[in-house]
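Asker: Dropping the sequence and predicted coords here.
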Amino acid sequence: MYPTLSDMIYDLTGWYIPLPIQTYGFFLALGFVAGAIILYNEFIRMERAGYMTGTKEKQVIGKPATAFEILGNALLGFLIGYKVVAMLLNWKGFTDNPQAFITSADGNWIGGVAVAVLFAFLHYWSKEKEKLPKPQEVEITVFPRDRVGELIMIAAITGILGAKLFTWIEDWDAFLADPVGALLSFSGLTFYGGLICAAASLMYYSYLKKIPLSRLTDAAAPALIIGYGMGRLGCHFSGDGDWGIVNTAAKPLSWLPDWLWAYQYPNNVINEGVPIEGCMGKHCYILPEPVYPTSVYEFLMTLVIFGILWAIRKRIKAPFGLFALYLALNGMERFTIESIRVNQRYNVLGLQLSQAQIIAICLIIAGLGLGVFAWQRYKKKL
């Protein structure tokens, strides 16, 4: 396993390049990038089809920089300079534990002041170049595709916080034992918590910006599933504990790679298992028994779901239709994989279900209900 991107590069090339990037965080970022690209192109397609239009917004141009803006940029510059200069001067300490370094009081005052002055001056200078004798109010058209950056940022922040929140709820004792570590770690992210919180925030954003919610969700469906799949790859390559139950059964197919059937996750990022003999470093543990690599299975299943959504996205004309299909397929995928995953179980009407399975059932029902609603409403307009 590769707790950090440096470990992966070293294994592939033999060169150790100290980088402060966790493997899971790297794949999570790739998921957001892939989602942004897909969402942007889907917005363009929907705009051309007439499903989405731009909205008028008023802006004032030609104003000089205000004291508040200058001070805000100076503060941002100070925080960046304070940390970045100290990071460069102590690169090894930073890469050994980037989360602890970022949240500590360690920094460089000279770097902070220098970058603060630079940021304040650059903002003042840029405003001076654009300043007019008399500021003017202009009206511009902003299309949904122009808001992809904001949408992804909102989804990333609220999604990660929501994923953390649901993880803490599911394992409250672990959170109380190390709340700071639980907050900063990229491991232990409950996808459905992220989906629910991100969806709520994006619904509110779409209302504010007058983006049709039905078209936004349909455009986001392929992006959501591919982003989820990339995140699951990060779970596997980092070994963050998101694996299955013990699997000591014989391989059903001789040509199947061992790691695809049962895997022990050596050097996993959470140090789970027993010590690896002769290993030196922070991540020297291996599971005593092989388990199902469920993260790999989920990645493969998400590719299939993405292929289905992408292939039929132009044929489903009913608003909310594609998103309804996404909800149902995603729920079925997650309910199925949970049967061989390690998770806390709850008694629900005599059935032992995980938190994810309970939510998955709700998503399947919601997807079917939304699909019927979308089709009925679409038929009335024909």
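Answerer: Received it, and whenever you're ready, just let me know what you need. The structure displayed is predicted, hence computed values, not measured ones.

Asker: lowest-confidence helix or strand of the protein?
Answerer: helix 179-184 (a mean of 55; mean pLDDT, DSSP states H and E).

Asker: buried sites along the helix or strand following that helix?
Answerer: Using DSSP states H and E, the helix or strand that follows helix 179-184 in sequence is helix 191-209. Residues 191-199, 201-202, 205-206 are the ones in helix 191-209 that count as buried (16 or more other CB atoms under 10 Å). In short, each C-beta sits where N, CA and C put it, glycine included.

Asker: before we move on, what about stretch 335-342?
Answerer: 335, 337-338, 341.

Asker: Figure out how far it is from the centre of its chain.
Answerer: When C-alpha coordinates are averaged (CA atoms, centre = their mean, to the nearest Å), stretch 335-342 and its chain have centres 21 Å apart.

Asker: and what of stretch 291-307?
Answerer: 17 Å.

Asker: Repeat that for stretch 207-215.
Answerer: Chain-centre distance of stretch 207-215: 22 Å, with CA atoms, centre = their mean.

Asker: Show me what that stretch is in contact with.
Answerer: Applying CB atoms under 8 Å, 6 or more residues apart in numbering, the contact partners of stretch 207-215 are 46, 51-52, 55, 142, 144, 147, 203, 205-206, 319-320, 323, 374.

Asker: Need the distance between the two termini of it.
Answerer: End-to-end distance of stretch 207-215 (CA to CA, to the nearest Å): 12 Å.

Asker: and it, average pLDDT?
Answerer: Average pLDDT, stretch 207-215: 92.

Asker: Give me the spatial nearest neighbour of residue 11, chain neighbours excluded.
Answerer: Using CB to CB, 6 or more residues apart in numbering and skipping residues adjacent in sequence, the residue nearest residue 11 is residue 2, 6.7 Å away.

Asker: Let me know whether my guess that that neighbour is in a strand holds.
Answerer: No: assessed with DSSP: H, G, I helix; E, B strand; the rest coil, residue 2 is coil; it does not lie in a strand.

Asker: Check it and give its pLDDT.
Answerer: Per-residue pLDDT puts residue 2 at 91.

Asker: residues in contact with it?
Answerer: Contact analysis of residue 2 by CB under 8 Å, 6+ apart lists 8, 11, 23, 237-238, 267.

Asker: Please name whichever of the residues you listed scores lowest on pLDDT.
Answerer: residue 11 (89).
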